[in-house]
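J.: Below is the structure, and that's it, no one-letter string:
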């Protein structure tokens, strides 16, 4: 099955700095890569995603890059703010011919943005 | 998008007992997913629940321990049976839209 590795496990930055979280996946057939943000005590929420036919996607201060050959993808947050502090999860999904698909999550990165 | 209501939000249970968690979605969905998130850990898929068929369980999870019901396209239950302290965790239900997964608010279970 799919295996998703995520690094680092914790990341501390100063407000205004950039933050980068990296993930690798093992199944070359995976074709969808979302990133979730989970604030303390709350449910995970999608912040950005990318499909395998795209190399980069940007949404304001957040961007995701995908390298299919190397099987890794990264989350980039620029101009970080204290409210960006949360746990971030990457995930990989493979859709079977039957339409059945499951998400495999990385172990998460706790991002702490200090004022 | 999908709105998911999950209950209870938390519970403290005695070991050896069972707890049933309910998940209601505001739209019809083919598949519903149940995850476990242990403290400070990632989300681990327990099983996929399809309406009208038996749930599909991931490696390490069995039906006797985590029976699932899926009586219609908007509702599912997960039961944690014969609980032990190791079952203390957050349990989340989830559905998928066009790729994106939506989650319930989770059930924080503590087994004493």
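T.: Arrived safely, thanks for sending. Just so you know, these numbers come straight off a predicted model, no measurement behind them.
J.: Apart from its chain neighbours, what residue comes closest to residue 67?
T.: Picking chain A for this. Distances taken as Cβ to Cβ, 6 or more residues apart in numbering or on different chains place residue A:73 nearest to residue A:67, at 7.0 Å, with adjacent residues excluded. Backbone N, C-alpha and C define where each C-beta goes, glycine included.
J.: that's the other chain; I wanted chain B
T.: Closest to residue B:67 by Cβ to Cβ, 6+ apart is residue B:79, at 4.8 Å.
J.: pLDDT score assigned to that neighbour?
T.: Per-residue pLDDT puts residue B:79 at 98.
J.: Next: residue B:53.
T.: For residue B:53, pLDDT reads 83.
J.: Which element, helix or strand, includes it?
T.: Using DSSP states H and E, residue B:53 falls within no helix or strand.
J.: Tell me how many other residues surround it.
T.: 8 (other Cβ atoms under 10 Å in any protein chain shown).
J.: What parts of chain B come near chain A?
T.: B:31, B:33, B:41-45, B:48, B:59, B:92, B:96, B:99-101, B:103-106 (Cβ under 8 Å from any Cβ of the partner chain).
J.: Now do the same contact list for the residue nearest to residue B:67.
T.: Residue B:79 makes contacts with B:18, B:19, B:20, B:21, B:66, B:67, B:68, as judged by Cβ atoms under 8 Å, 6 or more residues apart in numbering or on different chains.
J.: re earlier: surely the residue nearest to residue A:67 is within a helix?
T.: No - going by DSSP: H, G, I helix; E, B strand; the rest coil, the assignment for residue A:73 is strand, not a helix.
J.: so it sits right up against residue A:50, yeah?
T.: Yes - shown here, residue A:73 and residue A:50 form a contact pair, counting by Cβ atoms under 8 Å, at 6.7 Å.
J.: before we move on, the earlier item: what subset of the residues of chain B next to chain A is buried?
T.: Buried subset of the residues of chain B next to chain A (neighbour count, 16 or more other Cβ atoms under 10 Å in any protein chain shown): B:31, B:33, B:42-45, B:48, B:92, B:96, B:99, B:101, B:103-106.
J.: which residues are contacting stretch A:28-46?
T.: Surrounding stretch A:28-46, the residues in contact under the criterion Cβ under 8 Å, 6+ apart are A:2, A:23, A:25, A:47-52, A:64, A:66, A:68, A:71, A:73, A:75, A:86-95, A:101, A:103, A:105, A:108, B:43, B:92, B:99-101, B:103-106.
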